[in-house]
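Participant: Got a predicted structure here, sequence first:
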Amino acid sequence: FESGFLDHDPPLPYVHCPSICAMADGSLACAWYAGSRETARDVAVWIATAPAPAPGSPEPIAWGRPRGVVDRARATEQLARFVDKVGNAVVFGDDTGRLWLVYVTIAIGGWSGSTLNACASVDGGATWTASMRLPVSPFFNVSELVRAAPARLATGEIVLPIYHECMGKFPELLWLLPEAGSLRVRKARLTGGRSLLQPALVPLDERRCVAFLRDHSPARRLVEMRSTDAGSTWSSPEPTPLPNPDASVAAVRLSDGSLVRACN
């Protein structure tokens, strides 16, 4: 086990929502947003990369200097629409070696007025394409956010957990199919209530998967749901014995089949 910090220089007061992935060559990419505070207009999405760590090497992972990928001004220009703030971001790779960044923008109001956008890099995060807006919501294409890591399917599709946050909180899944520098998308909502969000998705095999969810209800318990058809349908949500103080959770499956969860 190894831990460390990716430091801004000069330091920034508020850093939040990290996302990490391995690229095709084994190198690492980490993305997050930072600024003076959450939903401040000076917030930008940042990224840092590191070479592939050598197996068994005692040397710590050598992260490069963080650099800004997108801020409100850049997003406004690229999306050709007004952007007041930027927020949560998730970074991941596809089968072609491209690196994708899906991030949140807000035109007006708070998180309930959010929209999902994407850009891509073909040089390991050094440069990025212009951002595109993802058409995922019939509700004026707003109130959609991202937080947890995606899962890659045998079909080549990428399943990205997202959530809706207006007149309740609803967990959802976004199927992404990268093609010709763009993303084809389709969306499905998980079942159960109006207080679950930010699903952490873990495939168990080609058909079975489990999702762990943040709980906004007074119960404050980590919630579990399961699917036996590759995420098309889901069981009813079941509370686990683990407490959840309305905070996100992360989970991965190890090579021996066991699961590791990290949660507040």
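Facilitator: Now that the structure is in, tell me what you want to look at.
Participant: Could you tell me how many residues sit around the residue lying closest to Ala154 once chain neighbours are set aside?
Facilitator: Distances taken as Cβ to Cβ, 6 or more residues apart in numbering place Glu206 nearest to Ala154, at 5.8 Å, with adjacent residues excluded. All C-beta atoms are positioned from the backbone trio N, CA, C, and that covers glycine. Glu206 has 10 neighbours, counted by other Cβ atoms under 10 Å.
Participant: measure Glu206 to Thr228 for me?
Facilitator: Going from Glu206 to Thr228 by Cβ to Cβ, to the nearest Å gives 11 Å.
Participant: same deal with Ser258?
Facilitator: Applying Cβ to Cβ to Ser258 and Thr228 gives a distance of 20 Å.
Participant: Have a look at those two and say which one is more surrounded.
Facilitator: Between Ser258 and Thr228, counted using other Cβ under 10 Å, Thr228 has the larger neighbour count: 14 against 8.
Participant: Could you report the distance from that one to Leu173?
Facilitator: Thr228 is 15 Å from Leu173, by Cβ to Cβ.
Participant: Leu134 now?
Facilitator: 13 Å.
Participant: So for the two, which residue has more residues nearby?
Facilitator: The neighbour count for Leu134 versus Leu173, taken as other Cβ under 10 Å, is higher for Leu173 (24 against 21).
Participant: Could you list the buried residues of the strand or helix carrying that one?
Facilitator: According to DSSP states H and E, Leu173 maps onto strand 169-179. Judged by neighbour count (16 or more other Cβ atoms under 10 Å), strand 169-179 contains these buried residues: Lys169, Phe170, Pro171, Glu172, Leu173, Leu174, Trp175, Leu176, Pro178.
Participant: give me every residue that touches the nearest residue to the first one once chain neighbours are set aside.
Facilitator: Spelled out, it's Lys169. Once flanking residues are discounted, Lys169 sits nearest to Leu197: 4.2 Å by Cβ to Cβ, 6+ apart. Residues near Leu197 by Cβ atoms under 8 Å, 6 or more residues apart in numbering: Tyr163, Glu165, Lys169, Phe170, Pro171, Leu213, Arg214, His216.
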